[in-house]
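In: Have a look at this prediction, sequence included:
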Amino acid sequence: MIGTKRAREKRFQIILIKPSHYDSDGYVVQWVRSTMPSNSLAAVYSLALGAAKLQLLGPDIPIDVTAMDETNTRVRTREIARKIKENGGLGFVGIIGVQSNEFPRAVDIARSLREAGVQVMIGGFHVSGCLSMLKELPADIKAAQALGISIYAGEAEEGLDEVILDAARGELRPLYDHMKHLPDIGDIASPPFLPKHFVQRTIGNLTSFDAGRGCPFQCSFCTIINVQGRKSRYRSPDSVEKILRWNYEQGVNRFFITDDNFARNKDWEAIYDRIIKLREEDGLDIRFCIQVDTLCHRIPNFIDKSKRAGVTRVFIGLENINPANLIAAKKRQNKITEYRKMLLEWKRVGIMTYAGYILGFENDTPESIRHDLEIIKKELPLDMIEFFVLTPLPGSEDHKVLYEKGVWMDPDMNKYDVEHVVTAHPKMTAEEWSGIYQEAWGLYYTDEHIETIVRRAYACGINLRSLRTVLFWFSSAVPVEGLHPLQWGIFRIKHRGDRRSGLPIESPVTFYAKYAADIARKAFALQQRWRYISRIMRKIEADPHAGYYMDGALTAEADDDTDHMDLYTQNDAARVAVERELRVAGRPAHGNGKNGHRDHGDAEHAHDHHGHAHDRHDDRVEISPTA
């Protein structure tokens, strides 16, 4: 009887961890508050809670589910191992949503747990991407399996229960491969969700969820299409409403919809109509950031309904303004003749725009990048740009091509953060490529251009208080912290013992002296930056004519723009692309000015030649709840 009673007191522990990565000194990148919750973690956490509520292991073995994000929470492997041991060894640790640059840290966490006898599973984009595109597992995944770490590839909606049952028997398999089956996510009982106390460890009372997965486009640098599939799948409006109401009831009302391209969700309007009802009839003050493509403005009512649905910020995959680079990356859906139209439409409704911009396509040089950025600043009414180094991420076509050709790629996955150069470039040395990435932030966020951004925003009715925070964030992260804005957070936390395996633990005197000096330096620089941007805001708000500001970027589209604007006349590829797009649109090509006439065949041949570029996917945020 006593033994039975004690056995019933044991609880099966599911510990879910979203790992961070290491900085250049080998310390875990961690903050008091990080940027935003991981959608992958939210999805798997909710599925695990669903299994617990359904008593998957029977009424005698209750399940506890714990989630932690290492970007804002210290992972103490000894405490985790002790917790599982106290429950008779019942449980496992799932290291969730692991991107390529997080894989070394994930393995270090798992190694410590395996030494303590804990069952561990690693899943996410890195392992899923490798299984989807490579003929055999790469060395780093095989090494992880040799430590007794289980690998999970694919999405968790129809595979997590299997993992839990195997773990309860102490028989996790070396590999769970669910890549060939993409589950229906329309009306699952447990859509993505994280409790408020978890969300409060991030900035801005913001949480994330995916309304759909997959993408129909073919960008060679992208991992989404090979991990989540090229046929899009969607959550129903009922499911989205459930997510919003659950979060609103716990006081969370800001959301990032992580779909790589929400504009291609076939149910976007039904979802927006549901959200508009929640806002306008039920009084829920909910707001969103979404990701879209550069043709979203062509969809009738999409931008106007985005405004009514509470979209305040939109991320756009601009990627480049050189058509030759876009064609080389198979991003043919991006048309430079649509860029200004699209951005002006978002400006019309007062929604802030972010653009991703990739540096390192095969036609890029430091000089061409500097030239292109000046065109963007002058002619495109963008608010924020975030730069990425073209990176052959495992799971992309580019990585597969380089891998199969035996082309050198840096073996250290920690560098695959789209901030480091990890392979060769045909026109730039590694130092030049890395240098222009660092330089690009300063070229765009000059004092003069920051004032221009604010003036344009004020004239278009964008909230300046919100803009000030975002401008501060994006203009400061790289020069002050040395990290991409999406990797940044509020107040850096460093633990002397949390260092990459193989690196020595520094003495307390050395470690804390450097840490204190680093904090002081960054605090001073950030204070100066905040004061400067605030002064610009006050200056513009006090200007009685600020609401009438106008420049070339805000000027309405005109038929003759293609003759005189540098965006359209910068090189042969741009001129040919403009002429082609005008023909497709049934508009006459203007032969005057810079555009002129030229032989189309030569340019088309050049485009075909550039189609073999090796690029990368901008691994900007967690996109998928791949376990």
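Out: That came in fine, so what should we check first? Numbers count the residues shown, from 1 in each chain.
In: pretty sure residue 529 is touching residue 472, no?
Out: Yes: the criterion here is Cβ atoms under 8 Å, and residue 529 meets it with residue 472 at 6.1 Å. C-beta: built from backbone N, CA, C; applies to glycine.
In: quick one: the helices in the stretch 501-627 of the chain?
Out: Along the stretch 501-627 of the chain, counting by DSSP state H, counting those that start in this stretch, helices occupy 508-541, 561-564, 566-569, 572-584, 600-610.
In: With respect to residue 296, which of the ones you listed lies nearest?
Out: Proximity to residue 296 (Cβ to Cβ) singles out helix 572-584 among these, at 16.9 Å.
In: CA atoms only: put that closest one into PDB for me.
Out: Taking C-alpha atoms only, helix 572-584 is exported to PDB below (Å, rounded to 0.1, in the frame of the first residue of the first chain):
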ATOM      1  CA  ASP A 572      21.100  47.500 -66.800                       C
ATOM      2  CA  ALA A 573      19.300  44.900 -64.700                       C
ATOM      3  CA  ALA A 574      17.000  47.600 -63.200                       C
ATOM      4  CA  ARG A 575      16.200  49.100 -66.600                       C
ATOM      5  CA  VAL A 576      15.400  45.800 -68.200                       C
ATOM      6  CA  ALA A 577      13.200  44.800 -65.300                       C
ATOM      7  CA  VAL A 578      11.300  48.000 -65.500                       C
ATOM      8  CA  GLU A 579      10.700  47.600 -69.200                       C
ATOM      9  CA  ARG A 580       9.500  44.100 -68.700                       C
ATOM     10  CA  GLU A 581       7.200  45.000 -65.900                       C
ATOM     11  CA  LEU A 582       5.700  47.900 -67.800                       C
ATOM     12  CA  ARG A 583       5.100  45.500 -70.800                       C
ATOM     13  CA  VAL A 584       3.400  43.000 -68.500                       C
END
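In: What average pLDDT does that helix get?
Out: Helix 572-584 shows a mean pLDDT of 78.
In: which residues touch residue 342?
Out: Listed by Cβ atoms under 8 Å, 6 or more residues apart in numbering, the contact partners of residue 342 are 294-297, 316.
In: at 7 Å what do you get?
Out: 294, 296-297 (Cβ atoms under 7 Å, 6 or more residues apart in numbering).
In: what separates it from residue 292, distance-wise?
Out: According to Cβ to Cβ, to the nearest Å, residue 342 and residue 292 sit 9 Å apart.
In: again with residue 254
Out: On the measure of Cβ to Cβ, residue 254 and residue 292 end up 18 Å apart.
In: Could you do residue 18 as well?
Out: Taking Cβ to Cβ, one finds residue 18 at 25 Å from residue 292.
In: more neighbours, these two?
Out: Looking at residue 18 and residue 292 with other Cβ atoms under 10 Å, you find the greater number of neighbours at residue 18, namely 31 against 26.
In: That one against residue 39, yeah?
Out: No: Residue 18 lies out of contact with residue 39 (Cβ atoms under 7 Å); the separation is 9.9 Å.
In: sorry, back to before: comparing the helices of the stretch 501-627 of the chain by mean pLDDT, which bottoms out?
Out: helix 600-610 (a mean of 32).
In: Including neighbour count and secondary structure, could the contacts of residue 342 go into TSV?
Out: Shown next, in TSV, are those (neighbours: other Cβ atoms under 10 Å; DSSP: H, G, I helix; E, B strand; the rest coil):
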residue	neighbour count	secondary structure
294	23	coil
296	23	helix
297	19	helix
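In: Residue ranges in the stretch 201-350 of the chain under the pLDDT threshold?
Out: Scanning the stretch 201-350 of the chain for pLDDT under 70 picks out no residues.
In: And the strands in it?
Out: Assigned by DSSP state E, counting those that start in this stretch, the stretch 201-350 of the chain shows strands spanning 206-209, 212-213, 233-234, 254-257, 287-292, 311-319.
In: Of these, which is nearest residue 420?
Out: Among these, strand 311-319 sits nearest to residue 420 (Cβ to Cβ), with 18.8 Å.
In: That closest one pairs with which strands?
Out: When sheet partners are counted by DSSP bridges, strand 311-319 sits next to strand 287-292 (parallel), strand 352-359 (parallel).
In: closest one to residue 137 among those strands?
Out: Of all these, strand 352-359 comes closest under Cβ to Cβ, at 28.2 Å.
In: Okay, buried residues for the closest one please.
Out: Neighbour-count burial for strand 352-359, with 16 or more other Cβ atoms under 10 Å as criterion, is recorded at 352-359.
In: likewise stretch 363-378?
Out: For stretch 363-378, by 16+ other Cβ under 10 Å, it's 363-364, 366, 368-369, 372-373, 375-377.
In: Please apply the same query to stretch 82-95.
Out: 83-84, 87, 90-95.
In: same question, stretch 302-314
Out: For stretch 302-314, by 16+ other Cβ under 10 Å, it's 302-303, 305-306, 309-314.
In: could those be laid out in JSON lines, adding distance to residue 191?
Out: Listed next are these as JSON lines, based on distance: Cβ to Cβ, whole Å:
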{"residue": "302", "distance to residue 191": "23"}
{"residue": "303", "distance to residue 191": "26"}
{"residue": "305", "distance to residue 191": "22"}
{"residue": "306", "distance to residue 191": "22"}
{"residue": "309", "distance to residue 191": "18"}
{"residue": "310", "distance to residue 191": "19"}
{"residue": "311", "distance to residue 191": "20"}
{"residue": "312", "distance to residue 191": "23"}
{"residue": "313", "distance to residue 191": "22"}
{"residue": "314", "distance to residue 191": "23"}
